[in-house]
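Student: Generate coordinates for the sequence data below:
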Amino acid sequence: MPLTPATLAAARRLSAPAVAEVLREYYASVHRLAHGLAGRADVGAGIVRYVMHRSIAIIPTWQEEFQPENWFHHFTIITARRSIHHRPEPRADLLLGDTGVAPDPAYVAFIAALRALPQQQQEAFILHTCEHLGPRTSSLAMDCSTEAAGNHLRAGMQALQAVAGERYEVFVTRAANAYRRLTPPPDAILPRVQSIVRRRVWPKRIRRWVAWILLLGFIAGMAWVVYAYRDRVEI
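Tutor: The predicted model follows:
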């Protein structure tokens with residue numbers, strides 16, 4: 001269910017329940033995308049953690065017409081780019097899927113070829129074939145024009161088709177299925193979100209309250225000074 005304007009407005013005020021609802025809404029897609037791009041559980045977890053924590057500082061700046069989905073996709077992409085040097089082992093890549101049997105060497109080569117693509121071609125392929133984003137949404141996530149995103153996608157697909165040959169569609173389906181299984185179970189998302197809110201939102205709210213109390217105390221102190229010395233001022 002899409003977030004309502006009232007929920008987003010409350011989240012901008014750092015209402016803990018509203019912020020939790022925003023994070024819960026986008027946690028699964030951030031988790032899939034982070035792990036799918038990284039190919040490693042440890043790197044993916046670090047990306048998710050950074051994106052979710054950073055969002056707490058960014059949410060109050062969102063405008064009323066802002067689409068949170070675009071921000072979460074884009075910031076996940078940007079964060080994943082910073083971890084590009086942490087490459088997965090070819091036979092331990094998360095997009096191979098945990099099937100319990102030895103991976104098909106041809107499919108291992110396909111995923112290795114995916115990881116060898118230029119970064120934006122790899123991003124375009126995963127956004128399109130795995131996360132199933134449209135051209136406009138993908139371009140916003142990648143911070144480029146729709147035409148450029150389409151060019152990156154076509155170039156990546158052509159390179160992978162050359163590797164996979166007639167098994168291309170089979171391998172694409174296998175990668176998309178492995179990617180989908182990167183989604184955390186629903187009962188695991190809420191506790192993670194609540195932990196982030198406790199650690200990040202409540203301290204910010206407390207600091208705001210302290211700042212208001214100090215400001216009110218200062219105003220009250222100045223008012224007392226004016227009142228206490230009113231006779232001297234009149235003289």
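Student: so what's the closest residue to His128 other than its chain neighbours up against?
Tutor: Excluding the flanking residues, the one nearest His128 by Cβ to Cβ, 6 or more residues apart in numbering is Leu153, at 5.4 Å. Backbone N, C-alpha and C define where each C-beta goes, glycine included. Applying Cβ atoms under 8 Å, 6 or more residues apart in numbering to Leu153 gives the contacts Gln121, Ala124, Phe125, His128, Ser138.
Student: same thing with Leu94?
Tutor: Leu94 touches His35, Gly36, Ala38, Gly39, Arg40, Ala41, Gly44, Pro88, Ala178, Leu182, counting by Cβ under 8 Å, 6+ apart.
Student: and which of the contacts of Leu153 is nearest Val108?
Tutor: Phe125 (16.8 Å; Cβ to Cβ).
Student: about what we covered before: what's the separation between the residue nearest to His128 and Arg198?
Tutor: According to Cβ to Cβ, to the nearest Å, Leu153 and Arg198 sit 40 Å apart.
Student: Now do the host helix or strand of Glu69: which elements does it pack against?
Tutor: Per DSSP states H and E, Glu69 falls inside helix 68-82. For helix 68-82, the contact count by 3 or more Cβ pairs under 8 Å, 6 or more residues apart in numbering; DSSP states H and E identifies helix 16-38, helix 41-58, helix 119-125, helix 135-142 as packing neighbours.
Student: After it, heading C-terminal, what element do we hit next?
Tutor: With DSSP H and E, the next secondary element past helix 68-82 is helix 105-116.
Student: Packing partners of that following helix?
Tutor: helix 119-125, helix 146-164, helix 168-180.
Student: Could you say which of the ones you listed is packed most deeply?
Tutor: With neighbours taken as mean count of other Cβ atoms under 10 Å, the helices and strands packed on helix 105-116 reach their highest mean count in helix 119-125, at a mean of 22.
Student: How far does that one sit from its chain's centre?
Tutor: 17 Å (Cα atoms, centre = their mean, to the nearest Å).
Student: and what of stretch 26-42?
Tutor: Centroid separation for stretch 26-42 versus its chain: 8 Å, with Cα atoms, centre = their mean.
Student: State the mean pLDDT of it.
Tutor: Mean pLDDT, computed over stretch 26-42, is 96.
Student: Next, the buried residues of it.
Tutor: For stretch 26-42, the neighbour count (16 or more other Cβ atoms under 10 Å) marks 26-40 as buried.
Student: Provide the contact partners of that stretch at residue level.
Tutor: With contacts defined as Cβ under 8 Å, 6+ apart, stretch 26-42 is touched by 44-45, 47-48, 51-52, 68-69, 72-73, 76-77, 79-80, 83, 86-88, 92-95, 111, 115, 122-123, 126-127, 130-131, 179-180, 182-184, 189, 192-193.
Student: Selection in ChimeraX covering whichever of those are buried, please.
Tutor: Buried subset of those, written as a ChimeraX selection, criterion 16+ other Cβ under 10 Å:
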select :44,47,48,51,52,68,69,72,73,76,77,79,80,83,88,93,94,95,111,122,123,126,127,130,131,179,182,189,192,193
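Student: still on that earlier bit, between all of the contacts of Leu153, which two are separated the most?
Tutor: Using Cβ to Cβ, the two most remote members of the contacts of Leu153 are Gln121 and Ser138, lying 12.0 Å apart.
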